[in-house]
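*Asks:* Following is a predicted model, sequence given first.
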Amino acid sequence: MNASPPPHAGEPGVPRHVAVVMDGNGRWARSRFMPRFFGHKAGVDALVRAVNLFADRGVEYLSVFAFSSENWKRPSEEVSGLMSLVLVAVAKYLGKLAKDGVRIRIVGDRDAVSDKLRQAWEQAEALTRENTRITLAVCFNYGGRWDMVQAARRAARQAVAEGWSTGQIDERIGEGWLGDQMALSFAPDPDLFIRTGGEMRISNFMLWQSAYAEFHFTDCLWPDFGAEEIDRALAAYAQRDRRFGMIRAPAAQAAG
Ligand code: FPP
C-alpha cells in the first residue's frame, strides 16, 4: 500500500485551492427590485472576475458551488433559469476564460442534466484542457454526500474485483486514498473555504475535502465579491495557524 501523507497541501501563505459557496444572488437582486435570475446573471459575471483575481494572487484551484443536489427543490422556473444560464455563460465567457489560461472542470452528477448542457460542459472542458494558470471546478448538481456515496461505490466495486475484505476499505483503498475516488480527485483538498451571503454553514459542499480547510464567512453578497473581499479573505487565511491535528504545522515541524 502507498504510504504517502494525506493530500492536505496547505502551506502558510497563499492557499493552493479555494472553495466558494457563492451565496446571496437572490438578495442582491431583491435589493435592486429585480427578479432572482438577475442576481444569478450578476453571479456569473462575479465568478469570471473572481477566477482571474484569484489566479493573479497565486491560487491554483478555485472550486465553486454553482448548483447543489438540493437546488432541484427550488421553484421550477429558477431551476430551468439556472440551467439555461450555464448555456448563456458558456456562450458569453468560454472564449475569454480559455484566453485567460483557465482550465475548466465540471464536477457533479451529469446524469440528470440535459444533453445540451452536457455538451456545453464537454466543450468547455475540451477547449481549456491544456490551460495551466488556474483550474476552475464548477460544481454543478453536486453534493458532498453524493460524492462520498459514489466514491464508496467505486471503492466497493474495486474491493469486489480485487477480492479484498470490506475491512480493507479505509481512508486508504488500494494504491491510494478513498479521496482518489471522489469527483475532485484532480485537485488538492481546499485550503480555504469561503461562503458569501452571511450564512455560516457548509450546505453539503466539499464534506470530505474540507476536513482541514480554513473557513471564512462574509456578509458580502456574491455579486459584490470583488478584489477587496478576496484580499480580505486571503489576508485572514495567511494569519491562520494550520496544524492538521498535530501540534505544529507540517512545514514548521520539518524545519525543526
Ligand atoms: C445562491 O444564491 C446561489 C446559487 C444557488 C447559484 C449560484 C450560481 C451562480 C453564482 C451562477 C454561476 C453559474 C454558472 C452557470 C457557472 P441564492 O439564490 O441562494 O441567494 P439568496 O440566499 O440571496 O436567496
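*Replies:* Yep, it's here.
*Asks:* what's the longest helix in this protein?
*Replies:* The residue-count maximum for a helix in the chain (DSSP state H) belongs to helix 76-99.
*Asks:* what separates it from the chain centre, distance-wise?
*Replies:* 17 Å (Cα atoms, centre = their mean, to the nearest Å).
*Asks:* Does the following helix or strand past it pack against any helices or strands, and if so which?
*Replies:* Heading C-terminal from helix 76-99, the first helix or strand you meet, by DSSP states H and E, is strand 102-107. Applying 3 or more Cβ pairs under 8 Å, 6 or more residues apart in numbering; DSSP states H and E, one finds that strand 102-107 makes contact with helix 36-56, helix 115-128, strand 134-142. (Glycine included, C-beta is placed from N, CA and C.)
*Asks:* please redo it, this time with the cut-off set to 7 Å
*Replies:* Helices and strands touching strand 102-107, by 3 or more Cβ pairs under 7 Å, 6 or more residues apart in numbering; DSSP states H and E, are helix 115-128, strand 134-142.
*Asks:* Just the C-alpha atoms of the shortest one, please, in PDB.
*Replies:* In PDB, the C-alpha atoms belonging to strand 134-142 read as follows (Å, rounded to 0.1, in the frame of the first residue of the first chain):
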ATOM      1  CA  ILE A 134      -5.800  28.200 -12.700                       C
ATOM      2  CA  THR A 135      -8.300  25.400 -12.600                       C
ATOM      3  CA  LEU A 136     -11.900  26.400 -12.200                       C
ATOM      4  CA  ALA A 137     -14.000  23.500 -10.900                       C
ATOM      5  CA  VAL A 138     -17.700  24.300 -11.400                       C
ATOM      6  CA  CYS A 139     -19.600  22.100  -9.000                       C
ATOM      7  CA  PHE A 140     -23.000  21.600 -10.600                       C
ATOM      8  CA  ASN A 141     -25.600  19.000  -9.500                       C
ATOM      9  CA  TYR A 142     -23.000  18.300  -6.900                       C
END
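*Asks:* Torsion angles phi and psi at Gly110?
*Replies:* For residue 110 the amino acid is Arg, not Gly. Phi and psi for Arg110, reported as degrees, to the nearest 10, are phi -80, psi -10.
*Asks:* likewise the one 3 residues further on?
*Replies:* When read as degrees, to the nearest 10, the backbone of Val113 gives phi -100, psi 160.
*Asks:* what's the pLDDT at it?
*Replies:* Looking at Val113, its pLDDT is 90.
*Asks:* what's the distance between it and Glu122?
*Replies:* 12 Å (Cβ to Cβ, to the nearest Å).
*Asks:* The two - which one has more neighbours?
*Replies:* Using other Cβ atoms under 10 Å, the more surrounded residue of Val113 and Glu122 is Val113, with 18 against 12.
*Asks:* Can you pull the residues of the protein lying near the ligand?
*Replies:* Contact residues (Cβ under 6 Å from any ligand atom) of the chain with the ligand: 22-27, 40, 43-44, 47, 66, 71, 85-86, 89, 138, 197, 222.
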